[in-house]
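Engineer: Quick one: sequence plus predicted model below, questions after.
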Amino acid sequence: MVEEVPLEAQSTSVRMHNCKHVVFVIKEKRHAIDMAESKRCEIHFDSLISTLSFRDCASVKAHCSETVPCVEIENSAEIDVHLSQQAVDANPDITTSKIQTCNIVVPPDPNNKMNPDPVEIALPMLYITKYDSKTRKITTVPAQI
């Protein structure tokens, strides 16, 4: 099933809960998109002012054709976020918590003519945090598996 979400106002946030097997098409700039407890869905959107958020979701794909400043993925599995070149150039913040098999897909490197395919980047699931007694600070880095 394909659902086109009508534009009511630019500041409108779109919230989707407990969806299954639905493709959402969200045109025009919106404030935020929040999907919770959903499975096997797709979201196609133009641009967001704030955040694209997934909570307790599985097998969801999102396609951004313009910009998204922040992506949040919490307690979810198999989330693929496809970013446009415009979104990549804006260096979006990507925050994750309790994820499994989540990816960011970016356009191909324009300097690499040998590989014209989009690049899929796996988001780390495990981190190592160390405390430095000299500086009295912690450092967290992705674990190398």
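Structural biologist: Everything's here; your move. Residues are numbered from 1 along each chain as shown.
Engineer: The top strand by length along the chain - contacts with which helices or strands?
Structural biologist: Determined from DSSP state E, the single longest strand within the chain is strand 70-82. With contacts taken as 3 or more C-beta pairs under 8 Å, 6 or more residues apart in numbering; DSSP states H and E, strand 70-82 sits against strand 51-55, strand 58-64, strand 93-100, strand 103-106. All C-beta spots, glycine's among them, are computed from the backbone N, C-alpha and C.
Engineer: Reformat the ones you listed as CSV; add mean neighbour count, mean pLDDT and distance to residue 84.
Structural biologist: Below are the helices and strands packed on strand 70-82 laid out as CSV (neighbours: other C-beta atoms under 10 Å; pLDDT from 0 to 100; distance: least, C-beta to C-beta, whole Å):
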stretch, mean neighbour count, mean pLDDT, distance to residue 84
strand 51-55, 22, 98, 13
strand 58-64, 20, 98, 6
strand 93-100, 13, 92, 15
strand 103-106, 17, 97, 9
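Engineer: just so I know, which of these lies nearest residue 20?
Structural biologist: Nearest to residue 20, of all the helices and strands packed on strand 70-82, is strand 58-64, at 9.9 Å by C-beta to C-beta.
Engineer: The closest one: partners in the sheet, and parallel or antiparallel?
Structural biologist: strand 39-48 (parallel), strand 70-82 (parallel) (DSSP bridges).
Engineer: For the residue lying closest to residue 142 once chain neighbours are set aside, give its distance to residue 21.
Structural biologist: Excluding the flanking residues, the one nearest residue 142 by C-beta to C-beta, 6 or more residues apart in numbering is residue 124, at 3.6 Å. For residue 124, the distance to residue 21 (C-beta to C-beta, to the nearest Å) stands at 29 Å.
Engineer: so what's residue 108 closest to, chain neighbours aside?
Structural biologist: Using C-beta to C-beta, 6+ apart, the nearest residue to residue 108 is residue 116, at 5.3 Å.
Engineer: I'd like the next helix or strand past the least confident helix or strand in the chain by mean pLDDT.
Structural biologist: Using mean pLDDT, DSSP states H and E, the weakest-scoring helix or strand in the chain turns out to be strand 2-5, at a mean of 66. Downstream of strand 2-5, the next assigned helix or strand under DSSP states H and E is strand 14-17.
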